[in-house]
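Engineer: Below is the sequence, then the predicted model.
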Amino acid sequence: MIALRLFNLFFITSTLEDECEDDRGMKTYDISLYKRGDLLVVSRIFFKHLGIYLGEGRVAHFIPDILPVFTKEKSIVAKMVTNKRLIFGVLAKAASVRVDSLADFAYGAQIQVNSTDSVQPLNGEEVAQRSEKLIGSFCYSLLWHNCKHYVMYCRYGVAFSFQTFQFCKIVRTVLFSRKIAFLSAIIGVFIILYLGAMTPFTTLPIVILPFTIWMAS
């Protein structure tokens with residue numbers, strides 16, 4: 001119980017410190033620049049964060065947040081999600097679709113509008129309604145279920161992330177190649193020779209690993 005109170009106190013204090021540090025929440029944005037259903041993009045830490053504009057200065061977005069894991073106090077959870085809360089939320093795979101003000105969503109960054117559009121999106125009202133229906137808590141995955149998947153589903157009807165696709169493509173190219181298959185087979189032979197004996201517990205992994213990589217290449 002004491003640990004929980006200290007944990008909550010740390011995050012509440014750090015949130016207030018972050019808000020006062022550079023007055024991120026005080027920055028104003030011209031709402032006349034945005035239309036209901038627009039896709040908004042801002043920079044957060046090491047990646048781009050995306051959301052759907054709902055109108056009247058409100059943004060629906062899917063963001064990691066550790067605080068709801070430890071407290072259900074709405075007045076605390078509703079505060080702007082700081083980078084500390086976000087990072088721990090990513091690690092805990094805890095996130096939610098929430099509605100914030102433009103200032104809280106942007107976190108002091110410049111807002112780009114519809115900068116990732118590559119195909120014709122759905123009607124703006126339909127996009128906004130889709131985003132509103134998903135408000136609530138969800139599991140988070142850095143690769144498979146992030147803010148990009150959320151806005152892509154709302155705006156285009158398909159939960160797809162080009163960045164995730166490119167990352168997996170690079171991993172496949174690097175790890176699942178014929179060179180890696182040959183290398184793992186050679187390493188396996190050396191391991192067998194070093195052990196001096198072949199048993200099912202040593203032979204099967206050494207055979208299965210290069211075979212699997214070979215078939216996936």
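Structural biologist: Nice, thanks for sending it over.
Engineer: C-alpha only now, for contacts and for neighbours.
Structural biologist: OK.
Engineer: Now the residue nearest in space to the middle of the chain: phi and psi?
Structural biologist: The central residue of the chain, meaning the one whose C-alpha is nearest the mean C-alpha position (C-alpha atoms, centre = their mean), is Asn146 at 3.6 Å. Main-chain torsions, Asn146, degrees, to the nearest 10: phi -120, psi -170.
Engineer: That one and Val42, how far apart?
Structural biologist: With distances defined as C-alpha to C-alpha, to the nearest Å, the gap from Asn146 to Val42 amounts to 15 Å.
Engineer: Now do the contacts for Phe62.
Structural biologist: Residues touching Phe62, when contacts are defined by C-alpha atoms under 8 Å, 6 or more residues apart in numbering, comprise 50-51, 95-98, 146-147, 150.
Engineer: same question, Ile63
Structural biologist: Contact analysis of Ile63 by C-alpha under 8 Å, 6+ apart lists 86, 95-98, 146-147.
Engineer: same deal with Glu125?
Structural biologist: The neighbourhood of Glu125, defined by C-alpha under 8 Å, 6+ apart, consists of 36-37.
Engineer: Name the helix or strand for it, please.
Structural biologist: Take DSSP states H and E as the rule and Glu125 turns out to sit in helix 124-133.
Engineer: Check which residues of that helix are buried.
Structural biologist: Under the neighbour-count criterion of 16 or more other C-alpha atoms under 10 Å, helix 124-133 has 124, 127-128, 130-132 buried.
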